[in-house]
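Participant: test case, fold it:
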Amino acid sequence: MRAVPTLRTHIIRNPIQQAESLMLLRGRRGWWGKWIWRAAVAISIFAFIWPILAGYTSRFYNELNGAVGALAVINFFVFIKVVMSTLSTANQSIIRERTGRTFELLQLTGISHWRFVLGKWAGVMKAMLRDYVWLWFLRVGMLMWASAQMGLHEVNWEARHSSVLSDVVINWDGLLLIAVLLLVFGFLELGFSAAIGIFIGMFRWSHRAGAWVSVIARIGVAVAITMFVLLVGHLFEELGGRTAISDGVRVAAATSLSSLFANGIVSAAFYFDSYTPYANQVNVLIGHLISMMLYTGLTIGTLRLATMVAVRQGINNSSGYEDVRKRKVDRITALSPAKALTTTVAPPSFTPTLNEGTSNIFDLPNADTVRVELYQYHRNVSQLHLRLMSDQDVLYAQFSGVAYMDVPSRWVGADFRVGTQAELQAALQANGIHLNSLMSQGVRLFMAQAGDKTVRIIAARAQLLDELPNRA
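Facilitator: Prediction:
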C-alpha cells in the first residue's frame, strides 16, 4: 500500500516534475516544436496510407514494397532522433539549473534527492512521450505492411504482380503481440535514456559535451554488456565444447542483446515467419523478456547513481544516506580516534555590527577588489560559507540561519551591506518566501554588487572567520 503514496509523492504530485513538464512544453512552441514535427508526422502518415491509396492499381505490389522501404528508413532516423532528443533533453534539464543559478535555490527548498531526480526523470519522460508514441505508430505500421508483403511472397511471380489490396493477408495475432512488445520496449527505452541523461547532467558538463557524453554512455552500456556476454559465452564453449550452448540459448541471447540496440524492432519480425531458424518463437520471446529486465535494472541502477551524485552536490539527504564530504584532517586528529569524533568550531575573527544600512560589514580593506567564491553550503544547519581572497589573506564569510540566497559561483567585490526593511520585504515577496513571526524578527538582507548582478542573502547572522570549523 505504500507504493501508491510514494508514486504520488515522488512522481505524480512532484513539483519538480510539474515544473519540468511545463518548461519543456513551452519549449515546443518554437519552429521545430510545432511545424517541423507536424510535417514529419504528416510524412509518416502518408507513407503508412500509401499502399491503401494504390490498393487497386496495377502497381500495388511495387507501391507496397516502396511503402515498407520508406517506413523502414523513417523508422531508422526517427529512432535515432527520439533517443538523442531524450538524452539531450534530460541532460539539459540538469545543466539548465546550474546555468540559471537555480540549483542553489533547490538546496534551500528542502526537497529530497529522490524527489529531485525522479521529478526531473518523470518530467522529461512526460515531455518526450509524444515522440515515442509517434515511433511506436511507425514501427507497428511498418511491420503490418511487412506482414502483408510476406504473404504475397508465397504466391507465384505473375499472381504477385497482379495482386491488389483485397489479396493481402496480415498475421493479426503476430501483429498484436508485436504491438504490445514494442509499446513496452518504447516505454523502457524512454525511461533508460532519460535516466542516463539525468545522471550525466549531474556532473559539470557544458551543453554540448553533456549531450554527447550521454549518447556515448547509452551506446557504451549496450556494447559493454554485449562484449561481456560474448566473452563469457566464448569461455564457456572453450571449457565445455562447441555443443555446450544450445541453439535456443543462442537465439534468446542474440534477441536480448540486439534489443538493447534496436529496441526489439529487428527481432519482432520473426513472430510473423515460422519458416526461419527462429521458428521456435518461445526463444525469441524469452530473449525479449530478458532484454526488458535488463532495461529495467539498468534504469533503476542509473537513477540510484544519479541520487548519490545529487547528495554529493548538496540536494537534501532525507532518505538516510550519509552525505560524505572529503575534508582535510590534520595528522594529530587522524591519529586520535577519540578526537576525530568531536567537532571543533573556529572562533570568529570578527563579528560585525549588523545595523540597517551598514556597508562593508566585514571591515575589509579594498573590499571592492576582494575575490569571492561560493565555497560550501550546509543545508542541515542552514549555513553558507563564502571564501574571500585578496592579495594579503584568505578569509571566510559565514552566514548562519540562511533562508534564501542568490549567489553566483564567483565574483569580485565583498562590500556587503545590510539592506533596509523595505528591501528585505521586497526580496521576500519577489521570491515567495514566507517567514514565521520568530524568524521575521531575526533575519536580515545582506547585499553586495557582483558586476551588473546584485548578490542577495537572507540570513540571521554574518561572521568573518580565519578558518572554517573542523567537522572531521
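Participant: only C-alpha atoms for contact and neighbour calcs from this point on.
Facilitator: Fine.
Participant: name the residues of stretch 58-71 that are buried.
Facilitator: 60-61, 63-65, 67-68, 71 (16 or more other CA atoms under 10 Å).
Participant: what's the burial count for the nearest residue to residue 272 once chain neighbours are set aside?
Facilitator: Excluding its sequence neighbours, the residue lying closest to residue 272 (CA to CA, 6 or more residues apart in numbering) is residue 174, at 5.7 Å. Counted with other CA atoms under 10 Å, residues neighbouring residue 174 total 18.
Participant: element containing residue 174, please.
Facilitator: Taking DSSP states H and E as the criterion, residue 174 maps to helix 172-201.
Participant: quick check: mean pLDDT of that helix?
Facilitator: Per-region confidence: helix 172-201 scores 92 on mean pLDDT.
Participant: equivalent analysis for stretch 433-445, please.
Facilitator: Taken as a whole, stretch 433-445 carries a mean pLDDT of 71.
Participant: point out where the stretch 51-200 of the chain drops to low pLDDT.
Facilitator: Regions of the stretch 51-200 of the chain meeting the criterion pLDDT under 70 cover residues 100-101, 104-110, 154-158.
Participant: ok so residue 462 is a helix residue?
Facilitator: No - looking at residue 462 with DSSP: H, G, I helix; E, B strand; the rest coil, it is strand, so not inside a helix.
Participant: could I get the full set of helices for the stretch 51-200 of the chain?
Facilitator: Applying DSSP state H, counting those that start in this stretch to the stretch 51-200 of the chain gives helices spanning 60-99, 103-109, 113-153, 157-161, 172-201.
Participant: turn those into a markdown table, columns for distance to residue 264.
Facilitator: Below are the helices of the stretch 51-200 of the chain laid out as a markdown table (distance: least, CA to CA, whole Å):
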| stretch | distance to residue 264 |
| --- | --- |
| helix 60-99 | 12 |
| helix 103-109 | 38 |
| helix 113-153 | 10 |
| helix 157-161 | 30 |
| helix 172-201 | 7 |
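Participant: out of those, nearest to residue 263?
Facilitator: Shortest distance between residue 263 and the helices of the stretch 51-200 of the chain, using CA to CA, is found for helix 172-201: 6.0 Å.
Participant: and the helix or strand just after the closest one with helix 60-99, angle?
Facilitator: Downstream of helix 172-201, the next assigned helix or strand under DSSP H and E is helix 207-240. Interaxial angle of helix 207-240 relative to helix 60-99 (axes from the mean of the first three to the mean of the last three CA atoms, to 10 degrees): 120 degrees.
Participant: quick one: mean pLDDT for helix 207-240?
Facilitator: Per-residue pLDDT over helix 207-240 has a mean of 84.
Participant: and for stretch 311-327?
Facilitator: 53.
Participant: over to stretch 459-472?
Facilitator: 77.
Participant: in that stretch, what's buried?
Facilitator: Across stretch 459-472, burial judged by 16+ other CA under 10 Å covers 459-465, 467-468, 472.
Participant: residue 375 looks like it's in a strand, true?
Facilitator: Yes - counting by three-state DSSP, residue 375 is part of a strand.
Participant: which residue sits closest to it, ignoring its sequence neighbours?
Facilitator: What sits nearest to residue 375 in space, not counting adjacent residues and going by CA to CA, 6+ apart, is residue 386, at 5.1 Å.
Participant: report the contact partners of the one you found.
Facilitator: By CA atoms under 8 Å, 6 or more residues apart in numbering, residue 386 lies in contact with 372-376, 396-398.
Participant: which of these lies closest to residue 360?
Facilitator: Distance to residue 360, by CA to CA, is smallest for residue 397 among the contacts of residue 386, at 12.3 Å.
Participant: what's the following helix or strand after the host helix or strand of that closest one?
Facilitator: Using DSSP H and E, residue 397 falls within strand 394-400. Next helix or strand after strand 394-400 toward the C-terminus (DSSP H and E): strand 404-406.
Participant: run the chain-centre distance for that following strand.
Facilitator: Relative to its chain's centre, strand 404-406 lies at 26 Å (CA atoms, centre = their mean, to the nearest Å).
Participant: rounded mean pLDDT for it, please.
Facilitator: In this model, strand 404-406 carries a mean pLDDT of 88.
Participant: ok, it: who's next to it in the sheet?
Facilitator: strand 453-459 (antiparallel) (DSSP bridges).
Participant: give me the nearest residue to residue 415, chain neighbours excluded.
Facilitator: The shortest distance from residue 415 to any non-neighbouring residue, by CA to CA, 6+ apart, is to residue 360 (4.6 Å).
Participant: quick check: residue 207 touching residue 95?
Facilitator: Yes - Residue 207 is in contact with residue 95 according to CA atoms under 8 Å; the separation is 7.0 Å.
Participant: neighbour count winner among these two?
Facilitator: More crowded of residue 207 and residue 95, by other CA under 10 Å: residue 95, with 23 against 15.
Participant: who are the contact partners of the nearest residue to the more buried one once chain neighbours are set aside?
Facilitator: Spatially, and ignoring its direct neighbours in sequence, residue 95 is nearest to residue 201 (5.9 Å; CA to CA, 6+ apart). Going by CA under 8 Å, 6+ apart, residue 201 touches 90-95, 210.
Participant: surely residue 427 is within a helix?
Facilitator: Yes - counting by three-state DSSP, residue 427 is found in a helix.
Participant: and it, how many neighbours does it have?
Facilitator: Using other CA under 10 Å, residue 427 has 17 neighbouring residues.
Participant: go through stretch 261-275 and flag the buried ones.
Facilitator: Buried residues in stretch 261-275 (16+ other CA under 10 Å): 261-265, 267-273.
Participant: if you could redo that for stretch 152-168, that was the one I meant.
Facilitator: 152, 160, 163-165.
Participant: wait, which of the residues you listed is closest to residue 218?
Facilitator: Closest to residue 218, out of all of the buried residues of stretch 152-168 and judged by CA to CA, is residue 152, at 38.7 Å.
Participant: verify the stated contact: the closest one with residue 164.
Facilitator: No - between residue 152 and residue 164 there is no contact under CA under 8 Å: 10.0 Å.
Participant: that'll do, ta.
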